[in-house]
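Student: structure here, sequence nowhere to be found:
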């Protein structure tokens, strides 16, 4: 007898579908709150990284968000056009672009914290459950990414 799940093609047996449905539900819950801030979910993720540490490079942001420059560049252009960030070539490395919050971008941090509080309430998890869920999701991400890297090698 094994402890691993049995292979199946039934939709309700698929972890991928449970993750997909959960992701869509969470993103849908965020959408009206982020609409009030005037940002999309991916833009919100960039802003969160800049609230943590302003002045990161495009490469640093891409690495943290697992986004390539082809996806990240248009997103940053829209944030720049909205007046939330500025982008400048770094003096010490002309190939590198630094992204900084504007005053308007900084001003969204407090309302974003309220969004975080609302999402935590919606999940109705205690601290241990919350931490365990994040840990499990990160483990899934790492294992799938490791498998993908191994397969392409």
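Tutor: It's in. Computed from a prediction, not measured in an experiment: that's the story for all the values here.
Student: quick one: low-confidence parts of the protein?
Tutor: For the chain, the stretches with pLDDT under 70 are 1-2, 147-153.
Student: and the strands in it?
Tutor: Taking DSSP state E as the criterion, the chain carries its strands at 56-57, 85-90, 93-101.
Student: which of those strands is buried the deepest?
Tutor: Among the strands of the chain, strand 56-57 has the highest mean neighbour count (mean count of other CB atoms under 10 Å), at a mean of 18. For glycine as for every other residue, the C-beta is placed from the backbone atoms N, C-alpha and C.
Student: which one of the strands of the chain lies nearest to residue 142?
Tutor: Closest approach to residue 142 among the strands of the chain (CB to CB): strand 56-57, 22.2 Å.
Student: re earlier: make a markdown table out of the strands of the chain and add distance to residue 8.
Tutor: Output for the strands of the chain, formatted as a markdown table (distance: least, CB to CB, whole Å):
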| stretch | distance to residue 8 |
| --- | --- |
| strand 56-57 | 42 |
| strand 85-90 | 45 |
| strand 93-101 | 44 |
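Student: out of these, nearest to residue 146?
Tutor: Nearest of the strands of the chain (CB to CB): strand 56-57, 25.3 Å.
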